Structure formats: C-alpha cells, structure tokens
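In: mind looking at a prediction? Sequence and model below.
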Amino acid sequence: MKYVISALTAVASFAFFCDPAFAEGATLANQHVDPASNAHIYFAASIIAAGFGIAIATWLTGLGQGNAVGKAVEGIARQPEAAAKIQTAMIIGLAFIESLVIYALLISLIILFLNPFAKYFLQ
C-alpha cells in the first residue's frame, strides 16, 4: 500500500511540475529600452550595490563576531565558574549576529534575481 501511495504521489507531482517546465515563455522581442532612459545605469548600479552590500555585511559581521568571542573568552578567563552561562550567551549572540548577514544575503539575492531592469538586458 505504501508503494502505491508513493507511486501515485510521484506521478501526480510529475504531472504537476512538468507542465510549467515545458510551457513556452513570454517573448521579450517587443520590449525595448528607451536609449534616453537610464535603465542600464540602474541595472549596473543595483548589481554593484548587491556585491558591495554583502561584502560590507560579512566584513562587519566578522568584526562583530571576533569582538564577541574575544570578550566572552576574557569573561571566562576572569570567572571560570561562569563559563557555561557565558558560552551560552555568546552562542546566542553569535546566532543573532550571523542572522544579519543572512538578511543581507537575502536582500542581495532579491536585488540580483528580481531586478526589474533585468528583463531588458538579459535574454
């Protein structure tokens, strides 16, 4: 019975996902960029901004994490009996710091892949 259910699920998912995969995409032949517009500048600037944004975010996150770990090690050296509490607080803090880089990465990916000017330049 499990085999039949899994086979039916596989067939249904195949039928569901293959139709959009083989569908014909919209043509971009009728879409033109006005040469007087600055769309190409915005497109290039958004790509450069995404690259610099993720670079600066990872650089500052590395500094913040290094500072947090350094202060935690100093605290453990001063009070070894509180090492477990300090380490727990440090790990939670590092997770929060790292989540900021993940948000920056998400924003950079949105800028790169959902760019409204990309349809004019990438075909």
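Out: Nice, thanks for sending it over.

In: next secondary structure after the longest helix seen in the chain?
Out: Ranked by number of residues, the top helix in the chain under DSSP state H is helix 39-78. Going down the chain from helix 39-78, the next helix or strand is helix 83-113, by DSSP states H and E.

In: I'd like to know which elements that next one is packed against.
Out: When contacts are defined as 3 or more C-beta pairs under 8 Å, 6 or more residues apart in numbering; DSSP states H and E, helix 83-113 sits against helix 39-78. Where you see a C-beta, it was placed from the backbone N, CA and C, and this is true even at glycine.

In: related to what we said a few turns ago, for the longest helix of the chain, buried residues please.
Out: By neighbour count on 16 or more other C-beta atoms under 10 Å, the buried set for helix 39-78 is 43, 46-47, 50, 54, 57, 61, 64-65, 68, 72, 75-76.

In: and which of those is nearest to residue 118?
Out: Of all the buried residues of helix 39-78, residue 118 sits closest to residue 43, with 6.7 Å by C-beta to C-beta.

In: surely that closest one is in contact with residue 118?
Out: Yes. With contact defined as C-beta atoms under 8 Å, residue 43 reaches residue 118; the gap is 6.7 Å.

In: hang on, the earlier thing: nearest to residue 99, of the buried residues of helix 39-78?
Out: Nearest to residue 99 among those, with distances taken as C-beta to C-beta, is residue 61, at 9.7 Å.
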